[in-house]
Structure formats: structure tokens, C-alpha cells
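In: what shape does this take:
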Amino acid sequence: MEHFLLFCLASAGMTSIVVKGSIFRPFRDWLADETERTAHRREKRGLPPAFSLFGFVNDLISCVQCTGFWCGIFCGLFLVSSDFAAWLLVPQSSVAFIVLVNRLLMLFCCGAAGSFSAMLGDVLFETLYFSKEYTARKLHEEEHQHTEEAD
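Out: As a prediction, this is how the structure comes out:
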């Protein structure tokens with residue numbers, strides 16, 4: 001159970017850092033600029049929009065769920081890697097195949113769980129931030145009203 005909790009926290013934290021963290025801001029800005037430049041070059045040449053690796057990665061790291069999926073797979077590698085080498089040592093190909101499929105499905109599930117936990121974490125963080133801002137604004141308004149009534 002502690003491994004699963006650690007996985008959820010790790011994938012949600014990693015996703016938050018990539019999508020919203022200031023440490024990745026220069027990379028996100030550079031990627032957005034490259035995407036725009038690529039689109040502008042194609043438009044200038046009269047070419048229709050096409051797939052761009054810069055655009056794909058830019059879209060990917062702008063989406064909490066998309067980044068959460070890939071961060072979940074990355075963090076999931078650490079969960080399944082402890083048993084991953086064991087299937088290589090099994091001589092029966094059918095057992096090895098079943099174990100391989102099991103590990104790949106587990107890795108996909110880790111990606112899906114990472115996407116969900118990242119989205120859930122993002123919603124919780126946004127809710128906490130909004131609640132804090134709302135409370136501060138409400139207190140400021142009440143304080144301002146008391147000051148006006150005292151005058």
C-alpha cells in the first residue's frame with residue numbers, strides 16, 4: 001500500500017513540476033516559441049499545418065492529464081522494475097510471455113493512475129489556492145467595512 005501511495009504522490013508531484021513549475025518555465029516558453037515559429041514558417045511558405053514534434057511536446061506538457069500519464073509510466077517503471085528482471089530468467093517462453101504482458105499492462109495502469117492522481121492533485125491544489133484567496137479577500141472586505149463604520 002505504501003508503494004502505491006508513494007507512486008501517486010510521486011507522479012502527481014512530478015506532473016505539477018513539469019506542467020506548472022517555475023523550473024520548467026524556460027523550457028515550456030522555448031517550446032511554445034519553437035511551435036509558433038514552425039507554424040509561422042509553414043504558413044509563410046503556403047503549406048498546410050502538419051504534425052510537429054515541438055507542437056506535440058508543447059501540447060503534452062501543457063495538459064495535466066497527458067503529462068500525468070507519462071509521469072505515471074515513468075514512476076511506474078520503478079514499481080515494476082523490481083520484478084521486471086525476474087521474468088528474463090524464466091526459461092519457459094509461455095510463462096515469460098504472460099509475465100511480460102502482465103508487466104506491460106501494469107505499466108499502462110500506472111500511466112492511467114498517474115494521469116488520474118495528477119488531475120486530482122491539480123484540482124485539490126487549485127481548490128486550496130482559491131479557498132485561501134477567497135478567505136483573504138473576504139477578510140479584507142470585512143476589515144474595510146469595519147473601518148468605514150468606525151469613521
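In: biggest helix in the protein, by residue count?
Out: If you go by DSSP state H, the chain has its longest helix at helix 93-150.
In: that helix - what's its average pLDDT?
Out: The average pLDDT for helix 93-150 rounds to 77.
In: list the buried residues for the helix or strand Gly76 falls within?
Out: Using DSSP states H and E, Gly76 falls within helix 64-84. If you call a residue buried by 16 or more other CB atoms under 10 Å, then helix 64-84 has these buried ones: 64, 66-76, 79-80. Where C-beta positions appear, they are placed from N, C-alpha and C, glycine not excepted.
In: mind giving me the packing neighbours of it?
Out: helix 2-20, helix 53-62, helix 93-150 (3 or more CB pairs under 8 Å, 6 or more residues apart in numbering; DSSP states H and E).
In: which residues are in contact with that helix?
Out: Helix 64-84 is contacted from outside by 3, 7, 10-12, 14-15, 18-19, 59-61, 103, 106-119, 122, using CB atoms under 8 Å, 6 or more residues apart in numbering.
In: then that helix to PDB, C-alphas only?
Out: Extracted in PDB, the C-alpha atoms of helix 64-84 (Å, rounded to 0.1, in the frame of the first residue of the first chain):
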ATOM      1  CA  VAL A  64      -2.100  17.900 -16.700                       C
ATOM      2  CA  GLN A  65      -3.600  14.600 -17.600                       C
ATOM      3  CA  CYS A  66      -1.300  13.900 -20.600                       C
ATOM      4  CA  THR A  67       1.800  14.700 -18.600                       C
ATOM      5  CA  GLY A  68       0.400  12.700 -15.700                       C
ATOM      6  CA  PHE A  69       0.000   9.700 -17.900                       C
ATOM      7  CA  TRP A  70       3.700   9.800 -19.000                       C
ATOM      8  CA  CYS A  71       4.900  10.700 -15.500                       C
ATOM      9  CA  GLY A  72       2.800   7.700 -14.200                       C
ATOM     10  CA  ILE A  73       4.500   5.400 -16.600                       C
ATOM     11  CA  PHE A  74       7.900   6.800 -15.600                       C
ATOM     12  CA  CYS A  75       7.200   6.400 -11.900                       C
ATOM     13  CA  GLY A  76       5.500   3.000 -12.600                       C
ATOM     14  CA  LEU A  77       8.800   1.800 -14.100                       C
ATOM     15  CA  PHE A  78      10.200   1.900 -10.600                       C
ATOM     16  CA  LEU A  79       7.300  -0.100  -9.200                       C
ATOM     17  CA  VAL A  80       7.500  -2.900 -11.800                       C
ATOM     18  CA  SER A  81      11.300  -2.900 -12.300                       C
ATOM     19  CA  SER A  82      12.000  -4.800  -9.100                       C
ATOM     20  CA  ASP A  83      10.300  -7.900 -10.600                       C
ATOM     21  CA  PHE A  84      11.000  -6.900 -14.200                       C
END
